[in-house]
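Enquirer: Quick one: sequence and predicted model below, then my questions.
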Amino acid sequence: MITKEEIAHVASLAKLKFNDEELAKFTPQMDSIIEMANELGEVDTTGVKPTTQIIDVQNVYREDVVVKSQTREQLLKNVPETKDGFIKVPSILDKEEK
């Protein structure tokens, strides 16, 4: 059985924060999901071919043709901020982590 502490630990690894009420709600739900996955693991699948697609899929290719597109200057006209010909975006890395 999974505990609230384990749910809180996994949540912190994913940088999620749950209050006590949410932990009380999610813990039995996660426990149920894990229990169902364990039941599926007990099913004997000897000789059963793995299913990767349920329908027959076929790639459809098109000819690779160069088409006139917009210039860099035209594209960068709509961008709020640029630097050295590139789009400048905010950093997505947490500065506290190394």
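Expert: Done, it's in.
Enquirer: What pLDDT does the model give the residue sitting nearest the centre point of the chain?
Expert: Nearest residue to the geometric centre of the chain (CA atoms, centre = their mean): residue 14, 11.5 Å. We have a pLDDT of 95 for residue 14.
Enquirer: for residue 95, same thing?
Expert: As summarised for this prediction, residue 95 has a pLDDT of 68.
Enquirer: tell me what the helix or strand encompassing residue 7 is packed against?
Expert: Counting by DSSP states H and E, the secondary-structure element that holds residue 7 is helix 4-13. Judged by 3 or more CB pairs under 8 Å, 6 or more residues apart in numbering; DSSP states H and E, helix 4-13 is in contact with helix 20-41. (Glycine included, C-beta is placed from N, CA and C.)
Enquirer: quick one: the helix it packs on to helix 4-13, angle?
Expert: 100 degrees (axes from the mean of the first three to the mean of the last three CA atoms, to 10 degrees).
Enquirer: how much space between the most far-flung residue of the chain relative to its centre and residue 76?
Expert: Checked against the mean C-alpha position of the chain, the extreme residue using CA atoms, centre = their mean is residue 68, at a distance of 33.9 Å. Relative to residue 76, residue 68 is positioned 18 Å away (CB to CB, to the nearest Å).
Enquirer: Pull the residues that contact the helix holding residue 7.
Expert: Helix 4-13 is contacted from outside by 17-18, 23-24, 26-27, 30, using CB atoms under 8 Å, 6 or more residues apart in numbering.
Enquirer: Going by neighbour count, which of these are buried?
Expert: Listed as buried from these are 18, 26-27; burial here means 16 or more other CB atoms under 10 Å.
Enquirer: Tell me the one of these nearest residue 60?
Expert: Residue 60 has its nearest neighbour among the buried ones among the contacts of helix 4-13 in residue 26, at 42.5 Å by CB to CB.
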